[in-house]
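Peer 1: everything below, folded, please.
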Amino acid sequence: MMSPEGNYTSTTEFILIGFTDQPHLKTLLFIVFFAIYLVTMVGNLGLVALIYMERHLHTPMYIFLGNLALMDSCCSCAITPKMLEDLISKERTISLYECMAQFYFLCLAETVDCFLLAAMAYDRYVAICSPLQYHTRMSKKLCTLMTTGAYIIGNLHSIVHVGLLFRLTFCGLNQINHFFCDVLPLYRLSCVDPYLNDLMILILAGLIQIFTLTVVLISYFCILFTIFTMKSKGGRSKALSTCSSHFLSVSMFYGSLLFVYVQPNSVNEGDKDIAVAVFYTLIIPLLNPFIYSLRNKEVTNVIRKIMNNKRFLTF
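Peer 2: Next up, the predicted model:
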């Protein structure tokens, strides 16, 4: 192929640099990340199975939570297996199409998560601020529309960015100084100016995150106003406990995404975002099942019921 600057050969394979080249550190990282991966998959898929099996958990809040756990599993599956392979392999290569697929599923999971977290915030707003109208305003139809809409927008968002990646040509140095095929490190390897791609990331990701975050903030503003006007201390503490786990998850998720993607000149920021990427691709999917399960009486009661039944059966 020819470029205005001269001849070059198009790159169809990349090398993921990862974290380190020191064998003892790679072994330690493999053990740590493999343990994180196992706990993440067991926790999230276990939560999905729990919500599916228990009929009294078939409410909008738990349907959103089950889909959030499913997307966290998707995010972990898109990133961790390849990362673990690279930690024990000398080649650490990934093809262009594998790279695109990895980013597609990551983008899908993160986008759907944004809308699910916003839907969960709205659900808590209706439950606390308009409890008598909850079953009318949060009907099964609306819940289905919200969930379906999240998946549709997530797929469209991913398709747009992957499609824009195919307009780029990668040549010369094929080393990605990251542990997965994130879009920003790919832009740095492009022989074509990625200005349009970066602009679309800023616009689309910015609009999605700002819109969903606005829904979350408005919902919680109304929730807090309602809580602090309650006369009963028991009512206030109960309402706060139902929202605290969700607010913690939202804070971690949006904070890391806004830091990485929605900032000017993000392409030229170097690779200081690797630590943040570890947080939102590995740590948040690991923590979410525990945040929502251990702080949720309904879920803990179901788990205790299952454990008690198993003990009974063993006798």
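
Peer 1: got a list of what Val192 touches?
Peer 2: By CB atoms under 8 Å, 6 or more residues apart in numbering, the residues touching Val192 are 167-169. Where you see a C-beta, it was placed from the backbone N, CA and C, and this is true even at glycine.

Peer 1: need the contact list for Asn174.
Peer 2: Asn174 sits in contact with 11, 13-15, 189, where contact means CB under 8 Å, 6+ apart.

Peer 1: go again using 6 Å as the cut-off
Peer 2: 11, 14-15 (CB atoms under 6 Å, 6 or more residues apart in numbering).

Peer 1: and Leu164, how far is that from Cys107?
Peer 2: 11 Å (CB to CB, to the nearest Å).

Peer 1: more neighbours: which of those two?
Peer 2: Neighbour count, other CB atoms under 10 Å: between Leu164 and Cys107, Cys107 has more, with 25 against 18.

Peer 1: sticking with the more buried one, tell me its helix or strand.
Peer 2: helix 96-129 (DSSP states H and E).

Peer 1: what is that helix packed up against?
Peer 2: helix 60-88, helix 134-137, helix 140-165, helix 206-228, helix 233-260 (3 or more CB pairs under 6 Å, 6 or more residues apart in numbering; DSSP states H and E).

Peer 1: who wins for proximity to His178 among the ones you listed?
Peer 2: helix 60-88 (9.9 Å; CB to CB).

Peer 1: what helices or strands is that closest one leaning on?
Peer 2: helix 23-53, helix 96-129, helix 140-165, helix 284-294.

Peer 1: ok, back up a step: which of the residues in the helix holding Cys107 are buried?
Peer 2: 96, 99-100, 102-129 (16 or more other CB atoms under 10 Å).

Peer 1: give me the secondary structure label for the closest residue to Val278 other than its chain neighbours.
Peer 2: Leaving aside its chain neighbours, Val278 sits nearest to Phe179 (7.7 Å; criterion: CB to CB, 6 or more residues apart in numbering). Under DSSP: H, G, I helix; E, B strand; the rest coil, the three-state class of Phe179 is coil.

Peer 1: go ahead and confirm Phe179 touches Ile15.
Peer 2: No. At 11.8 Å, Phe179 does not count as touching Ile15 under the criterion of CB atoms under 6 Å.

Peer 1: tell me, how many residues neighbour the residue nearest to Tyr254 when sequence neighbours are not counted?
Peer 2: Of all residues not flanking Tyr254 in the chain, Leu213 sits nearest, at 5.5 Å (CB to CB, 6+ apart). If you count neighbours by other CB under 10 Å, Leu213 ends up with 19.

Peer 1: from Gly163, how far out is Leu213?
Peer 2: Relative to Gly163, and taking CB to CB, Leu213 is found at 26 Å.

Peer 1: give me phi/psi at Ile15?
Peer 2: Taking degrees, to the nearest 10, you get phi -110, psi 120 for the backbone angles of Ile15.

Peer 1: meant to ask about Gly18
Peer 2: According to degrees, to the nearest 10, Gly18 has phi 80, psi -140.

Peer 1: what's near enough to touch it?
Peer 2: 86, 179.

Peer 1: the same query, at a cut-off of 10 Å, please.
Peer 2: 26, 29, 83, 86-87, 92, 176-180, 274 (CB atoms under 10 Å, 6 or more residues apart in numbering).

Peer 1: that older thread, the more surrounded of Phe179 and Ile15?
Peer 2: Higher neighbour count among Phe179 and Ile15: Phe179, with 25 against 15, using other CB under 10 Å.

Peer 1: got the contact list for the more buried one?
Peer 2: Contacts of Phe179 by CB under 10 Å, 6+ apart are 16-19, 29, 33, 79-80, 82-83, 86-87, 92, 185, 274, 277-278, 281-282.
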